[in-house]
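> Here's a sequence, model it:
(one chain, ligands or ions: 3)
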Amino acid sequence: MGKLKVGVYGITGCAGCQLSVIFNEDEILDIVELVDLRAFPFIKEVNPEEEFDCVIVEGLVADRGDLKTLKMLRRNSKMLVSLGACACTGCVPAYRSFTLKENYEHLLYRKMEEIKDVEPTPLDAHILVDHYIPGCPPEKKEILSFIKGLVRGSIPRPYQSPVCVECRQNGNTCLLDQGKPCLGPITAGGCHAVCINGGFECWGCRGPTEDMNLDLMVRMLRDRGFDDKFINDRLRTFAGLKLPMLEKVMSGKAHKTETTFRGVRVFYE
Ligand code: SF4
Ligand code: SF4
Ligand code: SF4
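Numbering: from 1, shown residues only. Ligands and ions are numbered 1, 2, ... in the order given. The predicted structure is shown next:
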């Protein structure tokens, strides 16, 4: 049997996820060895009409061109993977959904009328996603381990324990205990708590855990003196579209929430 045909594509994004694949020489060589890499923006010409066993997509849907490309990729691929926070949760670009147009349009676009934009949304708002590799940018080793699993026929399940687990394993002093707004308790780990290791709080770039306790997270931030505007802004920066229940939690109308990248279950009082 020949190698699996794999393609890497980018729609609207900063290309950081794709760079995180090729900036590690050993890993890109491993990937080229393991699969038939048919498309990669920095290496091979991209042909979105090609047929793949697996296509890995960076970026989010931000205009009609993205949507057309994404639907074509989905049609032509047996498996589709969201690569990075933009693709998985909408990341910072999707924060646009929570602010007024006049706050950003003059900063972003000189010729607004030429841009056929749509609401910035992660891939699974439009098509079925088979696997998620979260993070901004994603972990290089996680990309490699996904590809190895793909070749073996046993893809590893994404890490689901909160960032706090790896953070404690690393022996860090808790930033939340020091009054800093760390989102580690509700954020899926797998990044080895890299930000906290460096003295910065977690902003939630890997998206919420499936069984997060958002209500408790909000209460812990309030107890540390953060106001509701700050809490809303911080929680929405990387994964706001995956927290549609936030408003109800903030107003005390929902007491327990569970989320997955694809769906959300909310338990109301
Ligand atoms: S997830 Fe981060 S690194 Fe990847 S495209 Fe989006 S902004 Fe760039
Ligand atoms: S610093 Fe953040 S990630 Fe680490 S234990 Fe405290 S809350 Fe959790
Ligand atoms: S610590 Fe939080 S913000 Fe930093 S990489 Fe991990 S999930 Fe992302």
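
> For the stretch 51-200 of the chain, give me the ranges with low pLDDT.
Residues of the stretch 51-200 of the chain meeting the criterion pLDDT under 70: 107-116.

> Apply 50 and report the result again.
The stretch 51-200 of the chain contains no residues with pLDDT under 50.

> for the stretch 51-200 of the chain, what spans make up the strands?
52-58, 61-63, 77-83, 117-121, 131-133 (DSSP state E, counting those that start in this stretch).

> Okay, and residue 37 sits in which element?
Following DSSP states H and E, one finds residue 37 within strand 36-39.

> got the contact list for that strand?
Contacts to strand 36-39, defined as Cβ atoms under 8 Å, 6 or more residues apart in numbering, come from residues 2-9, 31, 43-48, 50, 52. C-betas here are computed from N, CA, C, even on glycine.

> before we move on, the earlier item: columns mean neighbour count and distance to ligand 2 on top of the strands of the stretch 51-200 of the chain, output as CSV?
Formatted as CSV, the strands of the stretch 51-200 of the chain follow (neighbours: other Cβ atoms under 10 Å; distance: least, Cβ to the nearest ligand atom, whole Å):
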stretch, mean neighbour count, distance to ligand 2
strand 52-58, 25, 26
strand 61-63, 22, 30
strand 77-83, 22, 24
strand 117-121, 17, 27
strand 131-133, 23, 20
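
> Figure out which of those is closest to residue 238.
Closest approach to residue 238 among the strands of the stretch 51-200 of the chain is made by strand 117-121 (12.9 Å; Cβ to Cβ).

> For ligand 2, give me its nearest residue in the stretch 101-250 of the chain.
Nearest to ligand 2 in the stretch 101-250 of the chain, going by Cβ to the nearest ligand atom, is residue 184, at a distance of 2.2 Å.

> give the contact list for residue 51.
5, 76, 77.

> Please convert these to TSV, extending it with distance to residue 104.
As requested, the contacts of residue 51 are arranged in TSV below (distance: Cβ to Cβ, whole Å):
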residue	distance to residue 104
5	39
76	34
77	33
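
> Of all the strands of the stretch 51-200 of the chain, which one is nearest residue 96?
strand 117-121 (5.5 Å).

> Name the residues of the chain found near ligand 1, please.
13, 14, 16, 17, 58, 59, 84, 85, 86, 91, 136, 137 (Cβ under 6 Å from any ligand atom).

> Mind checking which of these land in helices?
16, 17, 84, 85, 86 (DSSP state H).

> wait, doesn't the first one sit right on residue 86?
What that stands for is residue 16. No - with contact defined as Cβ atoms under 8 Å, residue 16 does not count as touching residue 86 (9.1 Å).

> rewinding a little: just the residues of the chain next to ligand 1 now: which is nearest residue 70?
Closest to residue 70, out of all of these and judged by Cβ to Cβ, is residue 59, at 9.1 Å.

> If we ignore the residues flanking it in sequence, what's nearest the closest one?
Sequence neighbours aside, residue 13 is the residue nearest to residue 59 in space, at 3.1 Å (criterion: Cβ to Cβ, 6 or more residues apart in numbering).

> The one you found: neighbour count?
Residues lying near residue 13 (other Cβ atoms under 10 Å) number 23.

> Now do the helices in the stretch 151-269 of the chain.
163-169, 194-197, 214-223, 228-239, 246-250 (DSSP state H, counting those that start in this stretch).
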